[in-house]
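>>> Okay, predicted coordinates and the sequence, questions at the end:
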Amino acid sequence: MVLTGRCYCGHVTLRAPQPQTVAYCHCLDCKRWTGAPLTAFAAFSTVTLSQDIPEKTYASGVQRRNCPECGSPLTARFDYLPDQTYVPMGVLDQAADYPPDMHCFGGRQLPWLHLNDDLPRESGTGQDRLKTATS
C-alpha cells in the first residue's frame, strides 16, 4: 500500500511506502517547526514529492522541506537517522491508520498536555529505538 498526503494548499503532494515507525516528538525544534505543542511523525525509507523542493538545513542540523506556497512542513531528515525521512502525520491522508508507538523527548512534554497512554517515553531523540525500525 502506498500512503499519500499533501500540504495545506495542495500545491505539493507526496507518496510513501508503509512507515517504518510512528512517534510523537516533544522537542522544541519540532514544536517550533510545526507550531504545535506536540507533533507526531511517520518515518519512511523514501518519500516522493510532486514538486522538487530543496532541503534547507537549520542550526539544529536537520534538513527540512516546506511547501513553497503555504509553508506546510513536509519532510525532515536527521543526520543521526540517515535511512529515514520523517513526515508530520497531519499531512498524511491515512494518518488515522498509524498510531504512534513511542514518545521522543518525553521530558519536554508541556505540563498542561495530558496524554493517557502507556507508550515508551525516551528522554532524548530515541534514535536507538528509531534506528531499529529500519531493520
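That came in fine, so what should we check first? Because the structure is a prediction, the values reported are computed rather than measured.

>>> which stretches of this protein form helices?
Counting by DSSP state H, one finds helices in the chain at the ranges 28-34, 127-132.

>>> Same question for the helix or strand bottoming out on mean pLDDT in the chain: list its buried residues.
Least confident helix or strand, the chain: helix 127-132 with a mean of 72, by mean pLDDT, DSSP states H and E. For helix 127-132, a neighbour-count test (16 or more other Cβ atoms under 10 Å) marks 130-131 as buried. The C-beta positions use only the backbone N, C-alpha and C, and glycine is treated the same way.

>>> where are the low-confidence patches of the protein?
Low-confidence segments of the chain, defined by pLDDT under 70: 133-135.

>>> Which one of the helices of the chain lies nearest to Phe78?
Of all these, helix 127-132 sits nearest to Phe78, with 7.9 Å by Cβ to Cβ.

>>> Need the residue closest to the centroid of the protein.
Nearest to the mean C-alpha position of the chain, counting by Cα atoms, centre = their mean, stands Phe41 at 2.8 Å.

>>> Mind exporting the C-alpha coordinates of stretch 100-110 to CSV?
Only the C-alpha atoms of stretch 100-110 are listed here, as CSV (Å, rounded to 0.1, in the frame of the first residue of the first chain):
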residue,chain,number,x,y,z
PRO,A,100,2.4,6.4,17.3
ASP,A,101,4.3,3.8,19.2
MET,A,102,6.6,5.9,21.3
HIS,A,103,7.4,9.4,22.6
CYS,A,104,10.7,11.2,21.9
PHE,A,105,12.0,13.9,24.2
GLY,A,106,9.3,12.8,26.7
GLY,A,107,10.7,15.0,29.4
ARG,A,108,9.9,18.1,27.4
GLN,A,109,6.2,17.4,27.3
LEU,A,110,4.3,20.6,28.2
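
>>> Please compute how far it lies from its chain's middle.
The chain centroid and the centroid of stretch 100-110 are separated by 13 Å under Cα atoms, centre = their mean, to the nearest Å.

>>> buried set for stretch 89-103?
By neighbour count on 16+ other Cβ under 10 Å, the buried set for stretch 89-103 is 89, 91-92, 94-95, 98, 100, 102-103.
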